[in-house]
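Undergrad: okay, sequence plus prediction incoming.
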Amino acid sequence: MRVQLFSDVESGAYAQKLLEIGEVHLNTDQEGMVLFTQQFCHAVETENELTEQVFPNLQQNILDENWLCERTILAPKNETVAKINKKILAEINSDTSVYNSIDTVMSSDDTTSYPVEFLNSLELSGVPSHNLELKVGVPVLLMRNLDAPRLCNGTRLRVTELGRPLVCLKRRSALEKCLPLHALDVYLRQNVP
């Protein structure tokens with residue numbers, strides 16, 4: 001493991017615990033709840049307490065690359081992720097830009113079968129929401145391969161500039177120039193039937 005290359009005992013133990021979770025080698029109580037030691041994680045009661053523990057003083061630290069790289073909240077359900085993301089985004093004092101997906105039906109016969117409002121309300125795994133709300137400085141995760149190996153699914157990026165229809169992003173761990181993502185360009189590269 002990479003963390004063991006630096007002889008960091010705590011990081012190695014943490015990585016080992018994550019592997020145990022992934023391989024379902026867990027200690028559970030009688031109700032099936034996973035038991036963790038206090039060295040592994042800090043239990044909280046509410047989502048507000050969680051976001052405050054993981055992202056303390058968010059407004060002051062949002063532009064600090066190193067601070068953000070050390071923080072992540074994982075959740076098992078998309079609805080939980082959306083709720084936490086919306087809450088954290090609201091705490092950042094800057095203008096929000098909303099980007100909507102293309103919401104046309106390919107065949108006019110399907111217009112009555114699949115109302116656009118219904119399609120826009122769907123939240124599917126691996127598919128971004130119809131409304132994407134962004135602010136300058138927020139971290140985002142790339143959901144498709146654009147330029148392997150530089151820009152692959154899962155690459156962590158930061159929003160540097162918001163425009164219409166252009167969004168500029170920067171890889172969070174690299175000192176590179178702005179990466180422009182043009183909405184039309186992404187749409188044209190897809191193989192739409």
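TA: It's in. Residues are numbered from 1 along each chain as shown.

Undergrad: how about the strands in this protein?
TA: 97-100, 131-134, 139-141, 156-162, 166-171, 179-182 (DSSP state E).

Undergrad: and those: which comes nearest V116?
TA: Nearest to V116 among the strands of the chain is strand 97-100 (10.9 Å), distances taken as C-beta to C-beta. In this view, the C-beta of every residue, glycine as well, is placed from N, C-alpha and C.

Undergrad: run through who's touching the closest one.
TA: The contact list for strand 97-100 (C-beta atoms under 8 Å, 6 or more residues apart in numbering) reads H130, N131, L132, E133, L134, K135, L162, P165, V167, A183.

Undergrad: just to revisit the earlier point, can you put the strands of the chain in a markdown table and add mean neighbour count and mean pLDDT?
TA: Output for those, formatted as a markdown table (neighbours: other C-beta atoms under 10 Å; pLDDT from 0 to 100):
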| stretch | mean neighbour count | mean pLDDT |
| --- | --- | --- |
| strand 97-100 | 12 | 89 |
| strand 131-134 | 14 | 89 |
| strand 139-141 | 15 | 86 |
| strand 156-162 | 17 | 89 |
| strand 166-171 | 18 | 86 |
| strand 179-182 | 16 | 54 |
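
Undergrad: so what are the domain limits for this protein?
TA: 1-43, 94-189 (automatic domain parsing).

Undergrad: the longest one: how far from the chain's middle?
TA: The chain centre lies 12 Å from the centre of domain 94-189; the measure is C-alpha atoms, centre = their mean, to the nearest Å.

Undergrad: let me know whether R158 touches C168 as I believe.
TA: No - with contact defined as C-beta atoms under 8 Å, R158 does not reach C168; the gap is 9.7 Å.

Undergrad: flag the shaky bits of the chain, pLDDT-wise.
TA: 1-8, 105, 110-112, 172-193 (pLDDT under 70).

Undergrad: contacting residues around the residue most central in space within it?
TA: With distances taken as C-alpha atoms, centre = their mean, L141 lies nearest the centre of the chain, 4.8 Å away. Listed by C-beta under 8 Å, 6+ apart, the contact set of L141 reads G154, T155, R156, L157.

Undergrad: can you verify my assumption that the third one contacts M143?
TA: No - taking C-beta under 8 Å as the definition, R156 is not a contact partner of M143, at 11.7 Å.

Undergrad: quick check: neighbours shared by the two?
TA: By C-beta under 8 Å, 6+ apart, no residue touches both R156 and M143.

Undergrad: and for D95, the neighbour number?
TA: Residues lying near D95 (other C-beta atoms under 10 Å) number 9.

Undergrad: thought it was touching G137?
TA: No - the pair D95 / G137 is not scored as a contact, 11.2 Å apart, by C-beta under 8 Å.

Undergrad: coming back round to it: closest one to C69 among the domains of the chain?
TA: Across those, C69 has its closest neighbour in domain 94-189 (6.1 Å, C-beta to C-beta).
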